[in-house]
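Student: Everything below, folded, please.
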Amino acid sequence: MVTIQILGTGCQKCTELANNAEQAATKLGLEYSLEKITDLNQIVTFGCMTTPGLVINGQLVSQGKLLKAEQVQSLLKK
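Tutor: Below you'll find the model as predicted:
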C-alpha cells in the first residue's frame, strides 16, 4: 500500500493537489491511503517550508508546487 500525504493548511492549491494525487493513484490502480496534514508543526517535521507539499511513503517529493495528476503519477511510479 502506498501512503500519500498532502501537506498544507487547506488552501485551494492543497485541495487540488489532493484531488490530483487521488486521480493519479487510481489511474495506476494502486492501493493507497491519502492523508491531509494541516498542522504547521507536523508539516515542518517533513522539511516542507512551502505548501502544498506532497509526501509519498514518508518522503517529501514536492513542495510549493501544484502538480498535475500526470506529474504525481510519475512520482508514484518511482
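
Student: And the strands in the chain, which stretches?
Tutor: 2-7, 32-37, 53-56, 59-63 (DSSP state E).

Student: Torsion angles phi and psi at Leu67?
Tutor: phi -80, psi 140 (degrees, to the nearest 10).

Student: re earlier: would you list the strands of the chain in CSV and tack on mean pLDDT and mean neighbour count?
Tutor: Every residue, glycine included, has its C-beta placed from N, CA and C. Formatted as CSV, these follow (pLDDT from 0 to 100; neighbours: other Cβ atoms under 10 Å):
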stretch, mean pLDDT, mean neighbour count
strand 2-7, 98, 21
strand 32-37, 98, 15
strand 53-56, 98, 23
strand 59-63, 98, 16
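
Student: can you list those in JSON lines and add distance to Gln73?
Tutor: As requested, the strands of the chain are exported to JSON lines (distance: least, Cβ to Cβ, whole Å):
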{"stretch": "strand 2-7", "distance to Gln73": "12"}
{"stretch": "strand 32-37", "distance to Gln73": "12"}
{"stretch": "strand 53-56", "distance to Gln73": "11"}
{"stretch": "strand 59-63", "distance to Gln73": "12"}
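
Student: Glu22: which of those strands is closest?
Tutor: strand 32-37 (6.0 Å; Cβ to Cβ).

Student: Asn57: neighbour count?
Tutor: 13 (other Cβ atoms under 10 Å).

Student: Return the distance of it relative to Gly8.
Tutor: Asn57 sits at a distance of 19 Å from Gly8 (criterion: Cβ to Cβ, to the nearest Å).

Student: what sits against Cys11?
Tutor: For Cys11, the contact set (Cβ atoms under 8 Å, 6 or more residues apart in numbering) comprises 51-52.

Student: May I have the phi/psi pair for it?
Tutor: The phi/psi pair for Cys11 (degrees, to the nearest 10) is phi -70, psi 170.
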